[in-house]
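>>> Have a look; sequence and predicted model below, questions after that.
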Amino acid sequence: MGRPTLVLVTGPAGSGKTTLAYAIGAALGCPVVSRDAIKEGMVAAEPGFVPAPSDPLTLRTYGTFFANLDLLLRAEVTTVAEAAFQQALWEQGLERLAGLAELKVIRCRLEDGVARERMERRRAAQSTRAAHADLAHLAAAAPFVPLTLDVPTLEVDTADGYRPELAAVLAFCRRRSP
């Protein structure tokens, strides 16, 4: 039996985590599970839905997200998971997965102003962003509390490309712990 890797791509809204997660998934040849994509699919089934922080669909999304990860990891599928993982909200669900896979964390970071500009552009350009309370999150400007687990972690500056470069990020993902 093999032991899959679960690559957790995290960061605040607008940090480029979705783009990086899909680039990693394509390069590694493995699925990407995106919390936002799951919620957008739920919203597609509920016409007239109005998003708000901690709305009922957001809360349902967490269980669906972790159920998908559990299914893939039990099938020994290396997986990339993408979400704005914050310590208090996600730690318990991720701890349950630690026994199923080797966890690695990639933290996307950039200046708040750049993230805010990206969020505003994305909201205007992508109709699916209506599933999320982006404007409420922008208004609240609550500080992002990064995920801190005792697992290999890599910080990636996503302001202009990737630093370290994508090849180094992929090498980090492929590296097996002793």
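Sure thing, it's come through.
>>> contacts, neighbours, all on C-alpha from now
OK.
>>> Any idea how many residues pack against P56?
Residues lying near P56 (other CA atoms under 10 Å) number 10.
>>> if I look at it, how far off is V50?
P56 is 10 Å from V50, where distance means CA to CA, to the nearest Å.
>>> Equivalent analysis for R121, please.
Note on R121: its distance to V50, by CA to CA, is 20 Å.
>>> got it, and V43?
Per CA to CA, V43 is found 9 Å from V50.
>>> More neighbours: the two, which one.
V43 (20 against 13).
>>> Quick check: that one is in a helix.
Yes: applying DSSP: H, G, I helix; E, B strand; the rest coil, one finds V43 inside a helix.
>>> Tell me the pLDDT of the residue nearest to G2 when sequence neighbours are not counted.
If the residues on either side of it in the chain are set aside, G2 comes closest to E76, at 6.4 Å by CA to CA, 6 or more residues apart in numbering. pLDDT for E76: 97.
>>> What mean pLDDT does the lengthiest strand in the chain get?
If you go by DSSP state E, the chain has its longest strand at strand 102-109. The average pLDDT for strand 102-109 rounds to 94.
>>> Okay, strands next: where are they in this structure?
Counting by DSSP E, the strands of the chain are 5-10, 32-34, 79-82, 102-109, 153-157.
>>> got the contact list for the longest helix seen in the chain?
In the chain, assigned by DSSP state H, the helix with the most residues is helix 56-74. The set of residues external to helix 56-74 that reach it, using CA atoms under 8 Å, 6 or more residues apart in numbering, is 4, 6, 33-35, 38-39, 42-43, 78-79, 81, 93, 97, 100-101.
>>> got the buried residues for that helix?
57-58, 61-62, 65-66, 69-70, 72-73 (16 or more other CA atoms under 10 Å).
>>> so how far is it from its chain's centroid?
12 Å (CA atoms, centre = their mean, to the nearest Å).
>>> quick one: that helix to strand 102-109, angle?
Angle, helix 56-74 to strand 102-109, by axes from the mean of the first three to the mean of the last three CA atoms, to 10 degrees: 140 degrees.
>>> low-confidence ranges in the chain?
1, 112-116, 118-120, 122-142, 178 (pLDDT under 70).
>>> If any of the contacts of helix 56-74 are buried, give me the PyMOL selection for them.
One line in PyMOL is enough to select the buried ones among those; burial here means 16+ other CA under 10 Å:
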select buried, resi 4+6+33+34+35+38+39+42+43+78+79+81+97+100+101
